[in-house]
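Enquirer: Just the structure for this:
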Amino acid sequence: MASDFQFSIPATATITGVRVRVTRMADKENAVYDYDIQLMKNLTPQGDNKASADAWPVTAANKVYGGVNDKWGISLTPSLVNSSDYGFWLQSQNLTEFVGRTASVDFVKMTVYYLVNGKMNEQTSEAASVNQMYLYPNPLSTSSVIFFSLNYESRVQVDLYDAAGKKLRSLLNEVLSSGTMNSILTAVN
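Expert: Model prediction:
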């Protein structure tokens, strides 16, 4: 998830669309794919899922989602977009059975397109907070370790989902200090 883009869209603006550019890569060809690509309101995924059917490349490359006239199926207002709780949600999936794969995101850049007095404007910003998590081994065995790092103190929410995308339970939901952390997930908890 990427949030806190620090936009300053004028309160009188009408937002027409959002484009998100992600630099991403996987450790093996045809193994990692998009699963859930959405915008976030209040740090919760909302609106259209823009997941692509393309496999992630093995060298860092840009992928663009949305555009100048794409509001992702949600109501976008300047106050929402300017909020630190507004952002971008990305979940990938490993389609290689029984083998852990690494998916990496180098950065997330968002452009918001808007009208003021009939004139088209745009603001582009890189996320101030990009939180990445890795699960090893993946898929989950009897015991796996979740690794993650935070650029600065942030609220961290870790939810466990089944293969069909159904939320099974929440594992963590608290404010943590910056740094690199890990948490052991066992089949029991």
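
Enquirer: Show me the domain layout of the chain.
Expert: 1-130, 132-189 (automatic domain parsing).

Enquirer: just those: most buried one?
Expert: Comparing the domains of the chain by mean neighbour count (mean count of other CB atoms under 10 Å), domain 1-130 comes out on top with a mean of 17. In short, each C-beta sits where N, CA and C put it, glycine included.

Enquirer: From the chain's centroid, how far away is that domain?
Expert: Relative to its chain's centre, domain 1-130 lies at 6 Å (CA atoms, centre = their mean, to the nearest Å).

Enquirer: please begin residue numbering at 95 from this point
Expert: That works, and once the first residue is 95, the last one we named lands at domain 95-224.

Enquirer: average pLDDT across it?
Expert: Across domain 95-224, the average pLDDT comes to 89.

Enquirer: who touches the closest residue to residue 159 other than its chain neighbours in this structure?
Expert: Closest residue in space to residue 159, ignoring its immediate chain neighbours: residue 144 at 4.3 Å, by CB to CB, 6 or more residues apart in numbering. Shown in contact with residue 144 (CB atoms under 8 Å, 6 or more residues apart in numbering): 128, 131-132, 159-160, 166.

Enquirer: now with 7 Å?
Expert: Residues in contact with residue 144, defined by CB atoms under 7 Å, 6 or more residues apart in numbering, are 131, 159-160, 166.

Enquirer: do you know how far it is from residue 196?
Expert: 22 Å (CB to CB, to the nearest Å).

Enquirer: what do you get for residue 150?
Expert: Distance of residue 150 to residue 196, given as CB to CB: 10 Å.

Enquirer: what's the answer for residue 123, then?
Expert: Residue 123 is 13 Å from residue 196, by CB to CB.

Enquirer: Which element, helix or strand, includes the nearest residue to residue 270 once chain neighbours are set aside?
Expert: Of all residues not flanking residue 270 in the chain, residue 250 sits nearest, at 5.0 Å (CB to CB, 6+ apart). Residue 250 belongs to strand 248-255 when assigned by DSSP states H and E.

Enquirer: after that strand comes which helix or strand?
Expert: Once the chain leaves strand 248-255, the next helix or strand it forms, by DSSP H and E, is strand 261-270.

Enquirer: can you tell me which residues contact the closest residue to residue 172 other than its chain neighbours?
Expert: Ranked by CB to CB, 6+ apart and with sequence neighbours excluded, the top spatial neighbour of residue 172 is residue 103, at 4.1 Å. Contact partners of residue 103, counting by CB under 7 Å, 6+ apart, are 109, 172, 175-176, 206, 208, 217.
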